[in-house]
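**Student:** Attaching a predicted model along with its sequence, questions to come.
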Amino acid sequence: MRGFRLTRTKGIAQMGIIDKPYAFSDNASAQGLSIYPKTARGHIFFIGFMGVGKTTCSTKLALRLGVPHVELDTHIQQKAGKSIRRIFAEDGEEAFRAYEHQALCDAVASHTPSLISCGGGVVCHTPNQAMLCSEGYCILMEAAPKTILERLQNNLPPLLAVDNPLERILQLKQERQDAYECLADWVYDTTGKTVDTVCDDLYAHILSLNSVCVSA
Ligand code: S3P
């Protein structure tokens, strides 16, 4: 969690950073919020498995907060000129991960603090982990595997398009869980909650960072 040193190495590289103090402006800009990084660029990353609501909620929250929103998968599709599904089918997962890494680099490079919605596999790549640690605050969104399947089953993403998607979710999630938890500054479970409730809770949390994290 916030301010700790990552020492768990199972499945992810050891990283020595982490101190990511933030402050929010008292002085309203746009719809009332500016994010001022102290030591990092001040982004907020939404991480977590597919189907937990990262894209939906971060899009709404960015509008509500009046800050830019970046969705890495959208960025990847624009760069590649084709859908995520086609990238996986025609170029393979490795090529997709390369696009994904570049998309994260591009998003992080922005000097305007942004809400950045990350694909579920971003946390698996060591250079991405370092960026997520040093360049922003990570909100880990969670959901129960059955809930994830219910949300995605009408349009299964490439990695879940298998005979037994629930088994695949359980397996992939377990493989990634250490990385998710090591990177998380805060964890929020969306199981059984409406989008509005999730957004309200995340909004309140983001605003609360103002009071918890500022140190000169
Ligand atoms: C992936 C998650 C997807 C997308 C791609 C791979 C993953 O994004 O990047 O299908 O490896 O978990 P979402 O988590 O936004 O669905």
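**Tutor:** Received it, and whenever you're ready, just let me know what you need.
**Student:** contacts, neighbours, all on C-alpha from now
**Tutor:** Noted.
**Student:** Could you tell me which residues of the chain lie near the ligand?
**Tutor:** Phe49, Met50, Gly51, Asp73, Gly119, Gly120, Gly121, Pro157, Pro158 (Cα under 6 Å from any ligand atom).
**Student:** Find the nearest non-adjacent residue to the fourth one, please.
**Tutor:** Going back to what we said before, that points to Asp73. Nearest non-adjacent residue to Asp73, counting by Cα to Cα, 6 or more residues apart in numbering: Gly119, 6.5 Å away.
**Student:** Name the helix or strand for that neighbour, please.
**Tutor:** Counting by DSSP states H and E, no helix or strand carries Gly119.
**Student:** mind giving me TSV with the residues of the chain next to the ligand and columns for neighbour count, secondary structure and pLDDT?
**Tutor:** Written out in TSV, the entries for the residues of the chain next to the ligand read as follows (neighbours: other Cα atoms under 10 Å; DSSP: H, G, I helix; E, B strand; the rest coil; pLDDT from 0 to 100):
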residue	neighbour count	secondary structure	pLDDT
Phe49	25	coil	98
Met50	26	coil	98
Gly51	25	coil	98
Asp73	20	helix	98
Gly119	20	coil	98
Gly120	19	coil	98
Gly121	19	coil	98
Pro157	15	coil	97
Pro158	14	helix	97
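**Student:** Closest to His111 out of those?
**Tutor:** For His111, the nearest member of the residues of the chain next to the ligand is Asp73. The distance, counting by Cα to Cα, is 20.3 Å.
**Student:** For Leu209, see how far away Leu202 is.
**Tutor:** The spacing between Leu202 and Leu209, counted by Cα to Cα, to the nearest Å, is 11 Å.
**Student:** and those two? which has more neighbours close in?
**Tutor:** Taking neighbours as other Cα atoms under 10 Å, Leu202 and Leu209 compare with Leu202 leading, 18 against 15.
**Student:** Please name every helix or strand in contact with the strand or helix carrying the more buried one.
**Tutor:** Per DSSP H and E, Leu202 falls inside helix 195-213. Using 3 or more Cα pairs under 8 Å, 6 or more residues apart in numbering; DSSP states H and E as the contact criterion, the elements in contact with helix 195-213 are strand 22-24, helix 54-65.
**Student:** what about Asn128, which SS state?
**Tutor:** Under the three-state scheme (DSSP: H, G, I helix; E, B strand; the rest coil), the conformation of Asn128 reads as helix.
**Student:** ok so, going back, would you mind finding the most buried of the helices and strands packed on helix 195-213?
**Tutor:** Stretch with highest mean neighbour count among the helices and strands packed on helix 195-213: strand 22-24 (a mean of 22; mean count of other Cα atoms under 10 Å).
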